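In: Prediction below, plus the sequence it came from.
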Amino acid sequence: MRRLFTGLLILTILGVASVTAQDAANVATLAAGASMGSVNSTAAFTAGAGSTVNGYVTAVAAVTLGAGASVTGNVTAGAAFTSGDGAKIRGSVSAKAAFTSGANSTIGGNVTVGADFTSGAKSIVAGDVFVTGAVTLGAGSRILGSVHSGVGSITYGAGATVGSVN
């Protein structure tokens with residue numbers, strides 16, 4: 001009886017793990033104002049204005065978040081990443097190409113970019129910024145961590161601040 005119970009318990013745990021691993025949807029577009037769980041797109045991904053991804057976003061190609069869109073986890077783009085005004089990402093952002101953030105956007109983690117990074121006016125990055133290209137900070141932007149530019153180019157808009165430069 002004990003072996004039967006142990007076997008059922010193991011199958012239950014494995015079943016829950018497999019459901020969780022397959023939880024991400026392979027979608028290319030999330031409509032404005034809509035919400036869904038994690039996204040694992042085999043192409044590009046676009047989230048409309050005011051939409052919410054309750055989890056992470058991973059896309060083989062570019063990722064675009066509309067104005068006021070939010071992601072509760074990390075964002076990983078296989079190409080460029082663009083976020084609209086007021087977009088909120090609680091996790092980190094990784095893009096293989098350029099990243100442009102909209103005004104008043106927030107990122108709760110680090111930013112890693114394989115090209116240039118441009119932050120919109122009054123945007124906030126809570127973590128560190130690692131960029132292979134140039135960094136341009138919009139007016140009033142704040143990077144709470146450190147900034148690393150692979151080409152040594154960091155341009156500050158009026159009132160923009162960083163924790164440190166490496």
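Out: Perfect, I can see it now.
In: residues making contact with the longest strand along the chain?
Out: The strand that spans the most residues within the chain, counting by DSSP state E, is strand 142-149. Contact with strand 142-149 is made by 110, 119, 123-131, 133-135, 137, 154, 160-166, as judged by Cβ atoms under 8 Å, 6 or more residues apart in numbering. Any C-beta I mention is one placed from the backbone N, CA and C, and that applies to glycine too.
In: try it again with 6 Å
Out: 124-131, 135, 154, 161-166 (Cβ atoms under 6 Å, 6 or more residues apart in numbering).
In: just stretch 52-72 next, same as before
Out: The contact list for stretch 52-72 (Cβ under 6 Å, 6+ apart) reads 35, 37-51, 73-90.
In: What about those, which are in helices?
Out: Members of the contacts of stretch 52-72 lying in helices (criterion: DSSP state H): none.
In: Can you give me the distance of the residue nearest the centre of the chain to residue 127?
Out: By Cα atoms, centre = their mean, the mean C-alpha position of the chain lies nearest to residue 75, the distance being 2.8 Å. Residue 75 is 13 Å from residue 127, where distance means Cβ to Cβ, to the nearest Å.
In: for residue 133, same thing?
Out: Distance of residue 133 to residue 127, given as Cβ to Cβ: 18 Å.
In: which outside residues touch stretch 102-119?
Out: Stretch 102-119 is contacted by residues 83-101, 120-138, 141 when judged by Cβ under 6 Å, 6+ apart.
In: Of the residues you listed, keep whichever come out buried.
Out: 83-101, 120-131, 133-138, 141 (16 or more other Cβ atoms under 10 Å).
In: on that earlier part again, list buried residues within the contacts of stretch 52-72.
Out: Burial of the contacts of stretch 52-72 was assessed by neighbour count (16+ other Cβ under 10 Å); the buried members are 38-41, 44-51, 73-90.
In: tally of neighbours for residue 145?
Out: 18 (other Cβ atoms under 10 Å).
In: Where does pLDDT dip in this protein?
Out: 1-22 (pLDDT under 70).
In: in it, which spans are helices?
Out: 2-21.
In: what about residue 156, how many neighbours?
Out: 14.
In: Run through the bridge partners of it.
Out: Counting by DSSP bridges, residue 156 is bridged to residue 137.
In: Across the sheet, point out what pairs with residue 112.
Out: Bridge pairing for residue 112 - DSSP bridges - gives residue 94, residue 130.
In: mind checking how far it is from residue 132?
Out: Residue 112 sits at a distance of 9 Å from residue 132 (criterion: Cβ to Cβ).
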